[in-house]
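Chemist: Build me a model:
(4 chains)
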Protein chains: 2
Amino acid sequence: MIIKLLLDSDIPLYQQLKDKIVYAIATGEVKQGEQLPSVRQLSSSLSINLHTVNKAYTQLSVEGFVTILKGRGVLVNTKDMYAASDNDRKKIFEQIQTICAEAKCRSLDADEIINMCNKAYTTLKGDN
Amino acid sequence: MIIKLLLDSDIPLYQQLKDKIVYAIATGEVKQGEQLPSVRQLSSSLSINLHTVNKAYTQLSVEGFVTILKGRGVLVNTKDMYAASDNDRKKIFEQIQTICAEAKCRSLDADEIINMCNKAYTTLKGDN
DNA sequence: GCAACTGTTATATTATAACTATAACAGTCA
DNA sequence: TGACTGTTATAGTTATAATATAACAGTTGC
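Modeler: Alright, predicted model coming up:
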């Protein structure tokens, strides 16, 4: 899993890390049951602190993407364990609403946004 | 313009405010050339600080949505003043990518996300 | 058991962001 | 002049983000 973080981004490091891992799950780059790097390994290879990685892993665990086993490591869950709940759907829709509002203001019509969605999905084509 | 902010949200107040104003522009609820409430008026009616409103207005100004006239007030710009630049498009696509990655993980397919986009756009139907 | 690995917890420190409070300054306009 | 605009300055509080070190506790293979 190739991860590059932007140190000068306005997006927190732990959030960037979460997004990258979810992206890797979406593409199938990391598979169900697969073990993620340990907090020490990953923090070392990214030159960031152990606790920053731990925060990302902990939140991914709360959101259902991974299971943390004390003493053993962090494992990617099976798909059914993080299938969208009604609340997940609601949150995703709210994000889309905000993006579409800005997009419409900026004279992008629905088709352009839909094209972006299709492009995003085709980029994610993995056998996961 | 009806605005309600969530004080206990993880989204900062000034960001929520920006999003609501952009949304109001998108629906046509506030029109081109229209004057927004003064920082004191709005901060008072929302029971938040003057500087929080000022921060939202200042950023909206940088992003091209409004023009701030010292001593006079804040005016909504014309559409052409905030039409999407290449960089705006890129940022919007990156947000969509992140959302789609999570959505795919959570077993939502492209059609479901596209439906959400269409629903979001129809909600925004205004003659702006 | 021991060693080497896991995640966890505790404590502390630094830096930055977010929000508030108050006051004064400066431009606009009837 | 007075009442409204946004702006700037100063200060303080609170929360978040990130780091640094150390110790604790569970797992695993030798």
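Chemist: all helices for chain A, in order.
Modeler: A:13-27, A:39-46, A:50-62, A:86-105, A:110-123 (DSSP state H).
Chemist: okay, these, which one's buried deepest?
Modeler: Among the helices of chain A, ranked by average contacts under mean count of other CB atoms under 10 Å in any protein chain shown, first place goes to helix A:13-27 (a mean of 21). No exception for glycine: its C-beta is placed from N, CA and C like everyone else's.
Chemist: same for it, what does it pack against?
Modeler: On a contact count with 3 or more CB pairs under 8 Å, 6 or more residues apart in numbering or on different chains; DSSP states H and E, helix A:13-27 meets helix A:50-62, helix B:86-105.
Chemist: Let's have those helices in TSV, adding mean pLDDT and distance to DNA strand D.
Modeler: Below are the helices and strands packed on helix A:13-27 laid out as TSV (pLDDT from 0 to 100; distance: least, CB to the nearest atom of the strand, whole Å):
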stretch	mean pLDDT	distance to DNA strand D
helix A:50-62	97	4
helix B:86-105	97	16
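Chemist: Residues of chain A that sit close to DNA strand C?
Modeler: Residues of chain A lying close to DNA strand C by CB under 7 Å from any atom of the strand are A:36-41, A:50-51, A:54, A:57-58, A:68-74.
Chemist: ok, now which ones touch the closest residue to A:C100 other than its chain neighbours?
Modeler: Nearest non-adjacent residue to A:C100, counting by CB to CB, 6 or more residues apart in numbering or on different chains: B:A120, 3.9 Å away. Under the criterion of CB atoms under 8 Å, 6 or more residues apart in numbering or on different chains, the neighbours of B:A120 are A:93, A:96-97, A:100-101.
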